[in-house]
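S.K.: Fold the following and give me the result.
(2 chains)
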Amino acid sequence: MSLRKWLVSSMQVLLLGAMAAVASPAPATEAAAQGSTIVMAKDFMFAPTSLTVAAGSTVTWTNRDDEPHSVVSENGLFRSGALDTNESFSFRFEKPGTYRYTCSIHPRMVGTIVVH
Amino acid sequence: MSDPTSLKGTPRNSGGPVTRRGALKCLAFGGAGTLFALAGGVFTPIDLAVAASDRKRSASLGKPLFVQISDTHIGFNKEANPDVSGTLNRSIDIVNALPEQPALIIHTGDITHLSKPAEFDAAQQLFSRLRTTEIHTVPGEHDTTDPTVTEYFNRFGKASGNKGYYSFDHAGVHFVALINVLQFKPGGLGTLGPEQLAWLADDLKGRSASTPIVVFAHMPLWTIYEPWGWGTADAPQLMEQLRRFGSVTVLNGHIHQIVQKVEGNVTFHTARSTAYPQPIAGEGAGPGPLKVSAEQLPGMLGVTSVTVVKHPRGLRLNDTTIA
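M.R.: Residues are numbered from 1 along each chain as shown, chains lettered A, B, ... in the order given. All right, here's what the predicted structure looks like:
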């Protein structure tokens, strides 16, 4: 599936993807093969706030808000620039762990990626 | 709530030359500003229209020291204001038309919307129209989103050695520029950090308590609304250092509206944006652009000018809209 198709996908697809990722190792691997799991920044929230993926998965954040947002990991592992409306940022998680991140423009926005 | 009418296309936003007489007329008829005399920590409001239209009276109010411009957000192009360059130009026209030019311009951050090189370049091009050429800046969080935070420092970092904080003196007033947008704690407020606070303690050491102090930073240096991050976590440590001074003026931007308070000898004031307004604290989902009608918008954008008054020694703030 192309990245663009993922970008126009709805919130429901996002949640299904997230659920599939936590359901069992097999769908999680499948999600990794598809190349992306999306977390959207909208209305000053990352949705879902917490996402679990398999090691090797690429997570893509897409900004659906009128305001620019960014994705900055707490431990310095990844950092996007400012994402304007409909812009995206992707990062591939290689190692298991819990990765907390925030929006540097609106630091009250926080999220977590759990990689297993 | 949202109004499809945009500012673009209204005759008052044509970007054409504004004469001094015209700008003064705008000041007089806009009537949205209020002039504040700061005397011993107490504000005395003075009618802005009188101050702007009567030169004799205006002269007696004190010498213009500087004008604060804030939150220009060059690069923003959404419905709340599709022409932020146009509204900045109108703000500049008003500054250029002041009877006496201020010595300095202070920009309290969010020069750009997305920290892009082209946005910084466009902003600098627009600022070059100011008759007052000395500009002092601090960055906002919109100016520091590039992963290496180099775009801002490449252009404005010289004064601070790329640290973002610095001080200087002008006309007997000590100015302190602080940066509170680099060390966010997730979910928290802006942060100054121990290194910057230690630098400030050293900077203020030995200065007479009668020296008027102007402190400026992007995010408010007092907590206006914590759920939206409208404050600075370690600002109380800053205030502890400023307490002994007889006249302290704290100027911020970030919230795109005027909020002010006086606490002892310290006057806190946030400036309007020249780009777009934001909602009052807690109204709506979050602190995003507030969409208002084309007629309302100019009355919600503007600049703050500050004059020195000798008797009693202090500073006076004067907010002007571009309406």
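S.K.: quick check: mean pLDDT across the top helix by length along chain B?
M.R.: Longest helix in chain B, counting residues (DSSP state H): helix B:84-96. Averaging pLDDT along helix B:84-96 yields 93.
S.K.: Any part of it near chain A?
M.R.: No. Residues of helix B:84-96 contacting chain A under C-beta under 8 Å from any C-beta of the partner chain: none, with a closest distance of 13.8 Å. Backbone N, C-alpha and C define where each C-beta goes, glycine included.
S.K.: In that helix, which residues are buried?
M.R.: Under the neighbour-count criterion of 16 or more other C-beta atoms under 10 Å in any protein chain shown, helix B:84-96 has B:V84, B:S85, B:G86, B:T87, B:L88, B:N89, B:R90, B:S91, B:I92, B:D93, B:I94, B:V95 buried.
S.K.: For chain A, see how far away the fifth one is.
M.R.: To tie it back to what came earlier, the one meant is B:L88. The gap separating B:L88 from chain A is 19 Å, by C-beta to the nearest C-beta, to the nearest Å.
S.K.: show me the contacts for residue 69.
M.R.: Just so you know, I chose chain A. A:H69 makes contact with A:A41, A:W61, A:N63, A:A82, A:L83, A:C103, A:I105, A:H106, A:M109, according to C-beta atoms under 8 Å, 6 or more residues apart in numbering or on different chains.
S.K.: wrong one, I was asking about chain B
M.R.: Going by C-beta under 8 Å, 6+ apart, the list of residues near B:I69 reads B:L88, B:S91, B:V95, B:I105, B:I106, B:H107, B:T108, B:A271, B:T274, B:V303.
S.K.: just checking, what packs against the host helix or strand of the fifth one?
M.R.: For B:I106, the host element (DSSP states H and E) is strand B:104-107. Here strand B:104-107 is seen to pack against strand B:63-69, strand B:135-137 when contacts are counted using 3 or more C-beta pairs under 8 Å, 6 or more residues apart in numbering or on different chains; DSSP states H and E.
S.K.: Just the CA atoms of it, as CSV, please.
M.R.: This file holds the C-alpha atoms of strand B:104-107, laid out as CSV (Å, rounded to 0.1, in the frame of the first residue of the first chain):
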residue,chain,number,x,y,z
LEU,B,104,14.7,49.9,19.3
ILE,B,105,12.3,47.2,18.1
ILE,B,106,11.9,44.2,20.2
HIS,B,107,10.4,41.0,18.6
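S.K.: Can you give the strand pairings for that strand, parallel or anti for each?
M.R.: Sheet pairing for strand B:104-107, assigned by DSSP bridges, gives strand B:63-69 (parallel), strand B:135-137 (parallel).
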